[in-house]
Every structure is written in C-alpha cells, then in structure tokens.
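> predicted model and sequence below, questions to follow.
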Amino acid sequence: MSIALLITAVALQAAAAVGALWRGAWARGLLAGGVVAQGAALASRGLAIGAFPVTSKLESFAALGLALALVALASWRGERHYTVPFVLLAACTSAAALLFPQAVRYPPPLMQTIWYPLHVPLAFGAYALWAAAAAAALAWWRDRDGAWLARLDRFALQGFGLWSLSMICGGIWGVVAWGAYFLWDPKVIWSVLLWLHYASFLHLRLTPSLAGRAWVRPALAGLGLVWVAVAYVGTAFFFGGSSHAF
Amino acid sequence: MPSDGRTPPRWWLLLRSQGLGLLCGQLAVLLLGLGSVVLAATREGASAAVQLDDLRAFFAPPSAWHLWLYLLIVVLVVYGLNTALCTWHSTLRKWRSGQRSPSAHAPAVLHLAFLVALVAHLIGGLGGGEQPPLVLTTTAWTRLDPQRRARLLTLQLDHHPDGSLRQARARLALAEGSAGREVELRYNQPVVLGAGTRLLLLAGVFQQPGLPPEIALRVREAPGTPWALAAALLLLVGLGLLHRRWWA
C-alpha cells in the first residue's frame, strides 16, 4: 500500500518537473498531489512499524523527498531555472527510496525516543531549504536578478535555523543514548561541517571586503548542496563504520 | 587592547576582521572534511583508539595521520578569538549607538553559543572517559566507583511483533555511601549523576529462562555535557531572538 503511494508520488513529482518546463500552473497542482501521496505513504509506513517512519533507508529517502517537495511547493516560482531542477531533485530523491529493501523492519530500542523524530525531520527540512538556496543560486547565475540573492539568503538562514535545532535534538539524543553529544563519526563530523559552512555563509553579505562580489554567495550555496549530498549520502555509503545507517 | 582615539595596529584589525572569521570557518570546513576521510581510512590503525568525543587519543601518541586535527585546533583557537573580539566590538558599538532591543543582540548570543560549544568540546574531549561495561545482576552488588554500588532489582522487556527488542526497563538499587535509592534505567533514559557529568547507561540486556536477569551498564564521565547544554540553550535563545529575520 505505502509503496504504491510512493510510486504515485514519484510519478506526480516527475510530471510536475516536466510541467514546470512549460511554466504550467497545473504543474504546482501535480506537485501538491505528489506531496499528499507521499505523506500518505509515510503515514502508512509509520503505522506498520509503530514508529516515526525514518528508521530505514527507504523511509529516510522518502521523507527527504517529501521535505524537498514541500519546500518546492511552498516556494514555487514561475522561473523554470529555479523550479525544474528543484522539483526534479525531489522526484529523484523519492525515486531513490524505491531502490532499497521494502520489508518492514522494526526500529531498535535506541530509536525509541522523542529526540529521534525531532532530530531527523528538522535535518531534512534544513537540507530541503539549502537545496532551495542552491536552486535560487542557479536562477541567479541565469538572470543575475538581485531578488534571487535575497531569496538565497533567506533559504540559507532558515536552513541554518532548522539545522541548529536538529543538532540540539541530535546532541540531546546522543547524550541519553550514548553518553556523548558529539562522536568522531563521519555523519556527525559532517553535521558540524555543514553548520560551520552555513554559519560562514550567513556572514558573507556583511563582509565589507566581499561587497561587489555577488557571485560568492551563489557559489557557496552551490558548494553547500555538494556538502549536503556528502553528509547525507556519502557518509552513509562510502565512509563505512558510521553509527548512522543513513 | 589598543586604546580609543588612536588607529589600532594592523594585526589587531586583522584579528577582529570578519574576513578572518570567514577564512577560519572555511578552513575548519575543509579540515573536518579531510579529517572524516582520514578517520575512516585509519579506523583500524592510527585512529583505532579514538572513541566517542575523546580528544586525548589523537595525542597518545601524536601521529602524522592526525595532523588535520592539530591544524583544526589551531584554526578553532583563532576562530574563537576572532569571534570573541568581533562580538565584543559589535556589541559595544550597538550599545553605544543606543540599540538596546534584545533582537539587535541575537548574533552576539549565537556567537556566545559557539564559543561555549568550543569550551564544551575541549572539556568533554579532555576530561571524558569510561571503563569497560559492568554486568549487573539481581544476585550481587556491583561496585560502580569507590562511593557507589548498584544491584539489579527487576528487568522488564518489551518486544515488537517480530520478537525483536522494543524497550527494556531495569530497576536498580543504587547505594551511595550509607544512603540508598531506587532508580529506573532504560535505553535513552540514563541515570544522571553529578549535574550530568556522570551517566549510567544501559548497554545490553540478558534474560534466559531459568537464569537470573543481567544487564550491561556503561559508567561514563561526561564533564562537557553541562557546557554543551548551556551552548544549546544559548543557541535556542539566539535563534529565537533572530526569528524576525527568518522571514525577512
């Protein structure tokens, strides 16, 4: 049931990305349909495992796809250079969920805490907002409109706020579960790295020596998305030995 | 600190320049990225002793593999100094110009949170530690440290429909000197001692038919925890004060 809903969501998101190429207002409706289907898929999965559904790679990618689609929906623009890559990223992330085992797996005892379902969705919200910042950077490279820089700054700040809250929840979970708010673990190291990257980013606009170099913020927003990809996918699949499965 | 009325020296201006802060931030990003790769590659070798948030293992003995961390410490010291000076200078300037609203000082609160977090990592990394896990049973007392002993009273296990463990609830008798009390221990619910600087953590449960139940207990020294909590609270306050800019 939840897999059929997830496939429907992916199809709707992909159709929305194609629709956005023609700047069709109906494309936003397709994306909204995809968000509803994906939300239903995750709710159904949550009922099946009796826990907040971010306990496996399938659920994790589906939840991140939903976060991306939600932010894309909320920040929808007629400008295709912003919308198309962003919605496509949401569709690809959601589709990636289907590559992982679909069997229901119950979460282990260490995931039985309120801090976990707070920590992960906040992190995914931050990832989605930083992806929006990178998409706004792409749009700025295209038309050099200062409004994109303002949007980019706002997305980066909002993502930083959510990421900080996520790190607080993750740190508290770390203390109650492992006795340490920080671990020398690839995922945790990259979490700190992301915080520092975007903390630096937020100071760019205020740095006198960078006045007149507008390209720096879009460039670092793009680099930030690369760091997000490494933090989310790279540390789970290529570093080995992480306490985080994803 | 250079006195008012004179042009400050160049080194002073550099030390409290935002450009230096940006440079330190991006250098820290690169060194952490490099460090994550090195740690993963040397997990069975030079970094085998690195556990949890420990910093001492990087120096016992020093290794060329850990050069990234030594450089990171230097960068973070400069970063911390730069943040402290910039924050002081900016707060003073705002105060003198009559900006008294709390939201005007949100960045200063966030910077303070960052500095306290650095202190937490230093204290936790140098002062934290733990011994091998202890086994607690219902049949005998186990000494946790010179002042404390513990004994398992009851163990209740809750399972998922597929038989896998969902949660464990252990009741312990904890004797501290001549006083005693009962405490409950679960996964994600440690017993907190000493304002959070010492934690008793559930590390495993063993229940076999016909045998007394046992649990594995980790006794962890975590002196950085109160500092980290202070940093988290400051971060929350700073983000709260900043909320209008979130939507601006």
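Happy to help now that I have it. Residues are numbered from 1 along each chain as shown, chains lettered A, B, ... in the order given.
> contacts only, for residue A:80.
By C-beta atoms under 8 Å, 6 or more residues apart in numbering or on different chains, residue A:80 lies in contact with A:20-21, A:23. Any C-beta I mention is one placed from the backbone N, CA and C, and that applies to glycine too.
> ok and the residue in chain B nearest chain A?
Nearest residue of chain B to chain A, counting by C-beta to the nearest C-beta: residue B:25, 3.4 Å away.
> next, count neighbours for the closest residue to that residue other than its chain neighbours.
Once flanking residues are discounted, residue B:25 sits nearest to residue A:200: 3.4 Å by C-beta to C-beta, 6 or more residues apart in numbering or on different chains. Using other C-beta atoms under 10 Å in any protein chain shown, residue A:200 has 21 neighbouring residues.
> host element of residue A:200?
According to DSSP states H and E, residue A:200 maps onto helix A:186-204.
> okay, residue B:152: pLDDT?
pLDDT, residue B:152: 98.
> how much space between the residue nearest to residue B:25 and residue B:19?
Distance of residue A:200 to residue B:19, computed by C-beta to C-beta, to the nearest Å: 11 Å.
> ok, residue B:146 next?
Distance from residue B:146 to residue B:19, by C-beta to C-beta: 53 Å.
> before we move on, what about residue B:33?
Relative to residue B:19, residue B:33 is positioned 21 Å away (C-beta to C-beta).
> who's more crowded, the two?
Neighbour totals were compared for residue B:33 and residue B:19, and residue B:33 leads with 19 against 14 (other C-beta under 10 Å).
> quick one: the strands in chain B?
Using DSSP state E, the strands of chain B run over residues B:129-130, B:134-137, B:142-143, B:148-159, B:165-176, B:179-186, B:191-193, B:198-206, B:214-221.
> which elements pack onto the third one?
Contact analysis of strand B:142-143 by 3 or more C-beta pairs under 8 Å, 6 or more residues apart in numbering or on different chains; DSSP states H and E lists strand B:134-137, strand B:148-159 as its packing neighbours.
> kindly reformat the ones you listed as a markdown table containing mean neighbour count and distance to chain A.
Below are the helices and strands packed on strand B:142-143 laid out as a markdown table (neighbours: other C-beta atoms under 10 Å in any protein chain shown; distance: least, C-beta to the nearest C-beta, whole Å):
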| stretch | mean neighbour count | distance to chain A |
| --- | --- | --- |
| strand B:134-137 | 18 | 14 |
| strand B:148-159 | 16 | 9 |
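> enumerate the positions of stretch B:197-205 that are buried.
Buried positions in stretch B:197-205, judged by neighbour count with 16 or more other C-beta atoms under 10 Å in any protein chain shown: B:197-203, B:205.
> contacts only, for residue A:112.
Residue A:112 makes contact with A:51, B:166-167, B:187-188, according to C-beta under 8 Å, 6+ apart.
> lowest-confidence one in these?
Minimum pLDDT across these is recorded for residue A:51, with 91.
> which SS class is that residue?
Assigned by DSSP: H, G, I helix; E, B strand; the rest coil, the conformation of residue A:51 is coil.
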